[in-house]
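K.L.:
Below are the sequence and a predicted model for it; my questions follow.
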Amino acid sequence: MTLPDTLPDSALGAHLQSGMANPYPAGLKVSTERLGGGAIVRVEGSLDRGTVPLVEEEARRQIDRHGARLVLDLSPTTFIDAAAIQLMDTLSAHAAAVGGTLLIVLTCPRAHRLLELAPAREELCVVVSVEEAMAAWPGHELRQAG
């Protein structure tokens, strides 16, 4: 039996589908979609010191499982802080260490300004849409359920 690739790919996603309570704090939603050779981790809500470890765990799991191609979609986030900037740097370094790439979708002008002011250890690849991220990986379209 083949499952559609748009199903959540993490154990947490499986719990959500089976009707269990959201394992994340109120106001935070993390979802994952597989794509050819990688994954998209989408974060909705506040990404701060309290929620970064949860997002990092899921993003690292996806990098390790799907060949190090990861799009971290922060476009639906309502707030990011310095811990979120550190997370971007950490995940970029982790992906690079296994021969991959992290693309960060960031649309909020305030978040872009915060990113400009933060000293990052790694060069971060920031794009303004998931479509732009996908264009950076020719041949790796999102797989649609059929």
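P.N.:
The structure has been received and is ready for your questions.

K.L.:
Would you map the strands across this protein?
P.N.:
Assigned by DSSP state E, the chain shows strands spanning 29-35, 38-47, 69-73, 77-80, 101-105, 125-127.

K.L.:
With respect to residue 59, which of the ones you listed lies nearest?
P.N.:
Proximity to residue 59 (C-beta to C-beta) singles out strand 38-47 among those, at 4.9 Å. Heads up, the C-betas are built off the backbone N, CA and C, glycines and all.

K.L.:
quick one: contacts of the biggest helix by length in the chain?
P.N.:
If you go by DSSP state H, the chain has its longest helix at helix 82-97. If you take C-beta atoms under 8 Å, 6 or more residues apart in numbering as the criterion, helix 82-97 is touched by 47-49, 52, 55-56, 59-60, 63, 68-70, 72, 74, 77, 101-102, 104, 114-115, 118, 120-125.

K.L.:
Could the C-alpha coordinates of it be exported in CSV?
P.N.:
The C-alpha coordinates for helix 82-97 follow below in CSV (Å, rounded to 0.1, in the frame of the first residue of the first chain):
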residue,chain,number,x,y,z
ALA,A,82,16.8,35.7,18.5
ALA,A,83,16.3,32.0,19.3
ALA,A,84,14.6,31.5,16.0
ILE,A,85,17.5,33.1,14.2
GLN,A,86,19.9,30.8,16.1
LEU,A,87,17.7,27.8,15.0
MET,A,88,18.0,28.9,11.3
ASP,A,89,21.8,29.0,11.7
THR,A,90,21.9,25.6,13.5
LEU,A,91,19.7,23.8,10.9
SER,A,92,21.7,25.3,8.1
ALA,A,93,24.9,24.0,9.6
HIS,A,94,23.3,20.6,10.2
ALA,A,95,22.0,20.3,6.6
ALA,A,96,25.4,21.4,5.3
ALA,A,97,27.2,18.8,7.5
